[in-house]
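Asks: Attaching a predicted model along with its sequence, questions to come.
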Amino acid sequence: MTGVSSPQQATPAKKAPRPRKGKGEGQWALGYREPLNKNEENKKNDDGLNVRARIENIYAHRGFDSIDPADLRGRFRWWGLYTQRKPGIDGGKTATLEPEELDDKYFMLRVRIEGGQLSAEQLRVIAEVSSTYARDTADITDRQNIQLHWIRVEDIPAIWQKLEAVGLYTTEACGDVPRVIISSPVAGIAADEIIDPTPAIDDIVERYIGSSEFSNLPRKFKTAMTGHPSHDVVPEVNDISFVGVVHPEHGPGFDLWVGGGLSTNPMLAQRVGAWVPLDEVHLVWKGVVGIFRDYGYRRLRTRARLKYLVADWGMDKFREILESDKYLGYKLVDGPAPEIPAVQGDHVGVHKQKDGRYYVGVAPVVGRVSGSALAKVADVVAAHGSDRIRTTAQQKFIVLDVEESKVESLVSALDGLGFQARPSAWRRNTMACTGIEFCKLAIVETKARAAELIDELEERIPDLDVPITVNVNGCPNSCARIQVADIGLKGQLVLDAEGKQVPGYQVHLGGGLGLDAGFGRKLRGHKVTSEGLADYVERITQNYLKERSEGER
Ligand code: SF4
């Protein structure tokens, strides 16, 4: 094989936790089949997918209190269901309370949207489910899903019926499984696309999602595919990414990257050095997921991601095992590296499609929408002659197939609903995770705080001429990708001027994706209270604007 390189640096931010010497790490392929922790035991006791029958036949009839705790806080995830946080519990108590003290009797439901691809009818059904069963809540996530809150167990079968009638589902939307496949939201329509990955996504979903072959992985497994030169799916931070590239002899296909991931010990994905044609993507994907299932570390949850295996083995060994008879059974073709874009695409604004029509990308505030707003979007989209919407990996959405004569009318109709095609740089580049409003792991508020922050910054620095990404997380996990933002904010309790513990953030500065891919630095002392956040971001930005040299990002 060719020399292996990383798309950028693949260096872990800090040393990964090491296993105890002489003990296995729970790798099935090495004979460690006995569960080494509670999660593994639960998964061995019963496949997470089997909980659906119990929800439909028992729990929906007998109510929340009848749910077996191993199903409630474990297997429900296999169907996109998490218990949500009881309102009013202080962030300081997150780590000290038992799970049952934090649980509300309602659920978050994640609707899985492969590649972010939705029809107007599907959007209408999500809107209806939100209004009828979810108190009108809806958030577009940074993995192209839509999440609803306040779901009662009694309503879940009816919700599934409605979603599945239009081809939507929640199967394996959470849990230790292959999660939604994120894909370029302009797949198949962008004029400058290298290759459309949609047929490969369809192949994988049809063959493997909801199948017991991969329903017990060591932990979650994230997939990204893009054939767009702007690498619009954050490929550096997925377990596996297929990135469009043209092979000098074989033509358009994908460069294979593996082992990316954030959270604790963030690592950037590394190039395998192989070119994969479209019709082999599902085989390669199956091989890599198979390796993860068989060799992935299951003893410690903190080491149970593919990135640790890739880091420990190195790429030569990883590729050798992937090509072995047990997995692929053939040699991959060596391939060229794709060109790395300076800034990854979010597709906000008005852009021409390859068929001459236009697509319009708009920015909700930090992905927050609502059922009633989505219903209106579906109407507006239909009234402008389109039937296709796509969610993005940046908490935005795009309307496809708009005739030139209808573009401005669509832009203004969406603007009237609060979704701007020409947003400020602050609105466009700020993301937030769920936070304390619903998430049981959260320590601080995120969405509402980020929305206020955008308002304040739009007033203080209205004509920012560069994209500065601000990603707000409610805890040390990285659902909103704090380590790869210009300004990453990690929710925690901090001390205010009087020495009192208050909600705030540890700041990570200077992270990025694309050409600048790397993790932000956690500067000692760069902790900010929630109250002081706007002052802090303004100060950092003004300093950058004053000190920057020509072209400095
Ligand atoms: Fe919850 Fe933490 Fe993820 Fe935010 S980053 S959604 S608070 S787990």
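Replies: Done, it's in.
Asks: Around the spatially closest residue to Val333 that is not a sequence neighbour, count how many other residues there are.
Replies: Excluding the flanking residues, the one nearest Val333 by Cβ to Cβ, 6 or more residues apart in numbering is Trp275, at 4.9 Å. Quick note: C-beta positions are derived from backbone N, CA and C, even for glycine. Burial of Trp275, expressed as a neighbour count using other Cβ atoms under 10 Å, amounts to 23.
Asks: so who does Trp275 touch?
Replies: Counting by Cβ atoms under 8 Å, 6 or more residues apart in numbering, Trp275 touches Val245, His247, His250, Gly253, Phe254, Asp255, Leu256, Leu332, Val333, Asp334, Gly335, Pro336.
Asks: Quick one: low-confidence residue ranges for the stretch 251-400 of the chain.
Replies: Residue ranges of the stretch 251-400 of the chain with pLDDT under 70: none are present.
Asks: Show me the helices in it, by range?
Replies: In the stretch 251-400 of the chain, the segments counted as helices under DSSP state H, counting those that start in this stretch are 281-295, 306-313, 315-323, 371-383.
Asks: Starting from the ligand, give me the distance back to the residue nearest to Val333.
Replies: Separation of Trp275 from the ligand (Cβ to the nearest ligand atom, to the nearest Å) stands at 35 Å.
Asks: and what of Ala451?
Replies: Ala451 is 15 Å from the ligand, by Cβ to the nearest ligand atom.
Asks: Enumerate the residues of the stretch 401-550 of the chain near the ligand.
Replies: Cys433, Thr434, Gly435, Cys439, Leu441, Ala442, Asn473, Gly474, Cys475, Asn477, Cys479 (Cβ under 6 Å from any ligand atom).
Asks: quick one: contacts for the closest residue to the fifth one other than its chain neighbours?
Replies: By that I understand Leu441. Leaving aside its sequence neighbours, Leu441 sits nearest to Cys475 (Cβ to Cβ, 6+ apart; 4.8 Å). Going by Cβ under 8 Å, 6+ apart, Cys475 touches Thr94, Cys439, Leu441, Ala442, Ile443, Val444, Lys490, Gly491, Gln492.
Asks: what about Cys475, distance to Leu300?
Replies: For Cys475, the distance to Leu300 (Cβ to Cβ, to the nearest Å) stands at 19 Å.
Asks: what's the answer for Leu332, then?
Replies: 31 Å.
Asks: One more: Glu40?
Replies: 11 Å.
Asks: Same drill for those two, tell me which one is more crowded.
Replies: Glu40 (21 against 17).
Asks: Identify the bridge partners of the residue nearest to Val333.
Replies: When assigned by DSSP bridges, Trp275 has beta-bridge partners Asp255, Val333.
Asks: Next, count neighbours for Gly510.
Replies: By other Cβ under 10 Å, 16 other residues sit near Gly510.
Asks: Contact partners for the residue in the stretch 251-400 of the chain that the ligand sits nearest to?
Replies: With Cβ to the nearest ligand atom as the measure, Ser263 is the residue of the stretch 251-400 of the chain nearest to the ligand, at 8.6 Å. Counting by Cβ under 8 Å, 6+ apart, Ser263 touches Arg305, Pro476, Asn477, Ser478.
Asks: For those, which single residue is the most surrounded?
Replies: Counting by other Cβ under 10 Å, top hit in the contacts of Ser263: Arg305 with 29 neighbours.
Asks: Quick one: neighbours of the closest residue to it other than its chain neighbours, just the number.
Replies: Spatially, and ignoring its direct neighbours in sequence, Arg305 is nearest to Gly261 (5.1 Å; Cβ to Cβ, 6+ apart). Each residue near Gly261 was counted by other Cβ under 10 Å, and the total is 24.
Asks: Any idea what Gly261 is bridged to?
Replies: As for beta bridges, Gly261 partners with Met267 under DSSP bridges.
Asks: could you list every residue that touches the residue of the chain positioned farthest from its centre?
Replies: Distance from the C-alpha centroid of the chain, by Cα atoms, centre = their mean, peaks at Glu498 (37.6 Å). Counting by Cβ under 8 Å, 6+ apart, Glu498 touches no other residue.
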